[in-house]
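# One predicted model, sequence on top.
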Amino acid sequence: MGTLLQTTMKQKQFYIDKLTKGGKFELHPLHYWTVAELRKQYERYRGEIKNGEKNHGLSETDY
């Protein structure tokens, strides 16, 4: 597997792990999302956590 593909797969798995950790998202549909879509949703979700709007199990050290 090429280096670029390995990096992309690691990024994708990172975002999937973080989004599913809090229970807000189901694992299955996330595998069909692109890395850009996952990153956008993760940053939105992280902003909610940072602003204290929701607590889904992510601590400040998780991002």
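Received the coordinates, thanks. Remember, it's a predicted structure, so these values are computed and weren't measured experimentally.

# neighbours around the closest residue to His31 other than its chain neighbours, how many?
Distances taken as C-beta to C-beta, 6 or more residues apart in numbering place Ile16 nearest to His31, at 7.1 Å, with adjacent residues excluded. Where you see a C-beta, it was placed from the backbone N, CA and C, and this is true even at glycine. By other C-beta atoms under 10 Å, 17 other residues sit near Ile16.

# Could you list the low-confidence segments of the chain?
1, 53-63 (pLDDT under 70).

# helix or strand for the residue most central in space within the chain, which one?
By C-alpha atoms, centre = their mean, the chain has its centre lying nearest to Tyr15, at 2.5 Å. Assigning secondary structure by DSSP states H and E places Tyr15 in helix 3-21.

# Now that helix: buried residues?
Residues of helix 3-21 classed as buried: 12, 15-16, 18-19 (neighbour count, 16 or more other C-beta atoms under 10 Å).

# immediately after it, which helix or strand?
According to DSSP H and E, the helix or strand after helix 3-21 is helix 27-30.

# Next secondary structure after that next one?
Helix 27-30 is succeeded, C-terminally, by helix 35-50 (DSSP H and E).
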